[in-house]
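A.B. asks: generate a structure from the sequence data that follows.
(4 chains)
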2 protein chains.
Amino acid sequence: MAKTAPRPTLRDVADHAGVSVISASRVMREAPNVSESLRVRVKVAATALGYTPNRIAGSLRGQSSDLIAVIVPSMSNNVFPDILDGIDAAFQGSSLRTVLGMSRYDMAEEEAILRDLLSWNPSGVIISGLEHSAGASEILSGLQCPVIEVMDSDGEPIDTSVGFSMSSAGHIMADHFVERGYRRIGYVGAWGERPARSRKRRLAFEARLAENGLSLVDHQIEDAQSSFATGAAGLTTLMSRSPNIDAVFFANDDLALGAMMHCHAHGIRVPNDLALAGFNGLDIRDGITPRLTTIRSPRAEIGARAGQIMLDRIGGRSDAERGRIDMPLSFLPGETT
Amino acid sequence: MAKTAPRPTLRDVADHAGVSVISASRVMREAPNVSESLRVRVKVAATALGYTPNRIAGSLRGQSSDLIAVIVPSMSNNVFPDILDGIDAAFQGSSLRTVLGMSRYDMAEEEAILRDLLSWNPSGVIISGLEHSAGASEILSGLQCPVIEVMDSDGEPIDTSVGFSMSSAGHIMADHFVERGYRRIGYVGAWGERPARSRKRRLAFEARLAENGLSLVDHQIEDAQSSFATGAAGLTTLMSRSPNIDAVFFANDDLALGAMMHCHAHGIRVPNDLALAGFNGLDIRDGITPRLTTIRSPRAEIGARAGQIMLDRIGGRSDAERGRIDMPLSFLPGETT
DNA sequence: CATAAAATTGGTAACGTTGTCAAACTCTCA
DNA sequence: TGAGAGTTTGACAACGTTACCAATTTTATG
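C.D. replies: Okay, the predicted model is just below:
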């Protein structure tokens, strides 16, 4: 059994090396003005004792914790895991660390998590979306540390935002549908359009159709979470209500692919009888024939960019970006429209 | 603009309430032996000042940080997001917090992340898999805090493990294939079988076939990450090498579904010409016809159980579980076998 | 009412680190 | 050789909290 050997402290390292605590501290954090001989002696002692710095103590004294509070609504679709992946990639090799909070699409919960995470003195906050509870907005506005809102870019950030434009997404697909000559267009969403992001996309889509003399014939928002099954169900409901629709824009790829499979199974030819398009550009789309028309959202890129900006800001770089940063969407034409 | 109002401390709250710092501390952490009147006075002062406790300071003095280091290899398939989801669900309402590390399937990186996370004095560690670098194993063994290894249960945990048996998964599917009467069986994996988990599954599958007088005719391990496209590619290679195979077990659902779509597109009837089975039981499987035969891995359940055990252990509950905890797999028969 | 026991409050000293300042040492150059 | 500048090292005090113990007040008991 392991004995209860207490973790060595800087004091132990200093004693072992025959130097003062503060000198050991300087060596460990690579501070300037340390002689080579002292540096080596301390390093040797640290290795011999298996010293690991105590960042809790360092944070208390040093004021900056290097912990970054990351608050996302969920892990259930690929969107937020991809963002976390991007953030982590940016933090690789730095001293920043992600402390995770999951709001489960509940603004009150988001606020509670934010409060809790702030008690860790984070050096920065990355939070999803531009819409928060009044209390959360107030807290975020008052923060001294960088606050980066990710995903959305159709509004004013509290500090800095990295995301894409839902309106732009709606416009891109509306333009495509118009260009393709579809006339009776529908829309299928899921989960009561939470978060509000997807609604913005639908409204922009509808508005752009209107500019082109077309109207959104019908839309069906399912209550269930996005899935193939939900997509099929949404399409079924929509078509039973408005049978002569010739093209449908879905809130995401899962829904669209589910609908596509439903069409296959029911002899509805895509895109001849019905055109389908999705949103997100998930990898699952690869390898499914016909290839789905969709718009790729730059999820990992958003995470990486947000992470990089956080690094720059915390590193005190004067050229660190601020304000609203709009990441480009890529239209991925497929064979379903 | 927000002025640089320093965050109020316990000292401020105590002064405002006219009590001592330590009394304020007691109230804030709901310690016993505090009169109602004092409690109310402090609470009022705390609210008035917008006090947020500084957990960094608390952790330094109190020794336990309530930070839980969670180390996963990636976010790219649904497996680890689901586990994180489960962990977070268990931590809801508690004071435990996830600090995230991502090893990118690299054991050296895993060890580095572990060292880094330990500098935060975590109250516990949740790490994926039972196999770690020698250095990481040594560190984990020496830790005073709970260490829970998740996903795998075919080996001895350092402290406690929550996972499922890869062997059992292999056996379940082998038995199913035998029962169905398939004779010429193949296997397709991806990404060089990293982590080693999937290899265990394949070997157990092969061994069980052997017990039934069958051999694994051929197997193809792709280098690329799992995806529909990789599944299709793997199947193509396998079939070109061993054309008379009549059933294939895939390392995961993505691969199997990709292969299935490939079959659809190339007039290979499933399961008549070729039977396919996957592993994981991802939601995408719902709504795809024919429904894929697979085995559901209890991902969120593993996360939730690990989180609960962590809570129990840290709460000092004597009935907290220890040792190897095997979570049941569910065989999900579909129409592809 | 006196006294013991229990409940409530406060003082002091850490926890392990680093910022600030000062002391000591080294080197350069007149 | 000595002044001045630069480099290297160290002492001390803090960061905000809580553990430990002592002091005080309240309550219970005979």
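A.B. asks: in what helix or strand does residue A:140 lie?
C.D. replies: According to DSSP states H and E, residue A:140 maps onto helix A:134-142.
A.B. asks: which residues of the stretch 1-150 of chain A lie near DNA strand C?
C.D. replies: A:6-7, A:9-11, A:21-22, A:25, A:28-29, A:31, A:53-54, A:57-58, A:60-62 (CB under 7 Å from any atom of the strand). Heads up, the C-betas are built off the backbone N, CA and C, glycines and all.
A.B. asks: centroid-nearest residue for chain A?
C.D. replies: Centroid-nearest residue in chain A: residue A:83, 3.7 Å away (criterion: CA atoms, centre = their mean).
A.B. asks: sticking with that residue, tell me its helix or strand.
C.D. replies: helix A:79-91.
A.B. asks: could you chop chain A up by domain?
C.D. replies: As given by automatic domain parsing, the domain ranges for chain A are A:10-53, A:65-164+A:300-328, A:166-296.
A.B. asks: can I get those in a markdown table including mean pLDDT?
C.D. replies: Formatted as a markdown table, the domains of chain A follow (pLDDT from 0 to 100):
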| stretch | mean pLDDT |
| --- | --- |
| domain A:10-53 | 92 |
| domain A:65-164+A:300-328 | 95 |
| domain A:166-296 | 93 |
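A.B. asks: can you redo the ones you listed as CSV with distance to residue B:109?
C.D. replies: As requested, those are exported to CSV (distance: least, CB to CB, whole Å):
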stretch, distance to residue B:109
domain A:10-53, 17
domain A:65-164+A:300-328, 9
domain A:166-296, 23
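A.B. asks: of all these, which one is nearest residue B:255?
C.D. replies: domain A:166-296 (10.1 Å; CB to CB).
A.B. asks: hmm, back to that, what packs against the helix holding residue A:140?
C.D. replies: Using 3 or more CB pairs under 8 Å, 6 or more residues apart in numbering or on different chains; DSSP states H and E, the elements in contact with helix A:134-142 are helix A:107-118.
A.B. asks: is the helix it packs on anywhere near chain B?
C.D. replies: Yes. Using CB under 8 Å from any CB of the partner chain, helix A:107-118 reaches chain B at A:115-118.
A.B. asks: what of stretch A:213-223?
C.D. replies: No. Stretch A:213-223 stays clear of chain B (CB under 8 Å from any CB), getting no nearer than 12.8 Å.
A.B. asks: show me where the stretch 151-300 of chain A has helices.
C.D. replies: A:166-180, A:197-211, A:228-241, A:253-265, A:299-314 (DSSP state H, counting those that start in this stretch).
A.B. asks: from those helices, which stretch is densest packed?
C.D. replies: helix A:253-265 (a mean of 25; mean count of other CB atoms under 10 Å in any protein chain shown).
A.B. asks: that helix: how far from the chain's middle?
C.D. replies: 26 Å (CA atoms, centre = their mean, to the nearest Å).
A.B. asks: which residues does it contact?
C.D. replies: With contact meaning CB atoms under 8 Å, 6 or more residues apart in numbering or on different chains, helix A:253-265 is reached by A:77, A:188-190, A:226-232, A:234-236, A:248, A:250, A:268-270, A:273-274, A:276-282, A:284-285, A:288, A:290, A:292, A:294, A:336, B:284, B:287-289.
A.B. asks: before we move on, back to that, the residues of the stretch 1-150 of chain A next to DNA strand C, buried ones only, as a PyMOL selection?
C.D. replies: For the buried members of those, the matching PyMOL selection, counting by 16 or more other CB atoms under 10 Å in any protein chain shown, is:
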select buried, chain A and resi 9+10+25+28+53+54+57+58+60
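A.B. asks: can you narrow the residues of the stretch 1-150 of chain A next to DNA strand C to ones near DNA strand D?
C.D. replies: Answer for those near DNA strand D (CB under 7 Å from any atom of the strand): A:21-22, A:57, A:60-61.
A.B. asks: the residue sitting furthest away from the middle of chain A: what's it in contact with?
C.D. replies: No residue in chain A sits farther from the centre than residue A:18, which is 48.6 Å out by CA atoms, centre = their mean. Counting by CB under 8 Å, 6+ apart, residue A:18 touches residue A:41.
A.B. asks: try residue A:115
C.D. replies: A:139, B:52.
A.B. asks: thinking again about what came up before, drop anything exposed from the contacts of helix A:253-265.
C.D. replies: A:77, A:188-190, A:226-232, A:234-235, A:248, A:250, A:268, A:270, A:274, A:276-282, A:284-285, A:288, A:292, A:294, A:336, B:284, B:287-289.
A.B. asks: mind checking which of those residues are in strands?
C.D. replies: A:188-189, A:248, A:250, A:276-277, A:294 (DSSP state E).
A.B. asks: now the nearest residue to residue A:8 once chain neighbours are set aside: how far from residue A:157?
C.D. replies: In space, and not counting its chain neighbours, residue A:8 is closest to residue A:49: 4.3 Å by CB to CB, 6 or more residues apart in numbering or on different chains. Distance check for residue A:49 against residue A:157: by CB to CB, to the nearest Å, it reads 46 Å.
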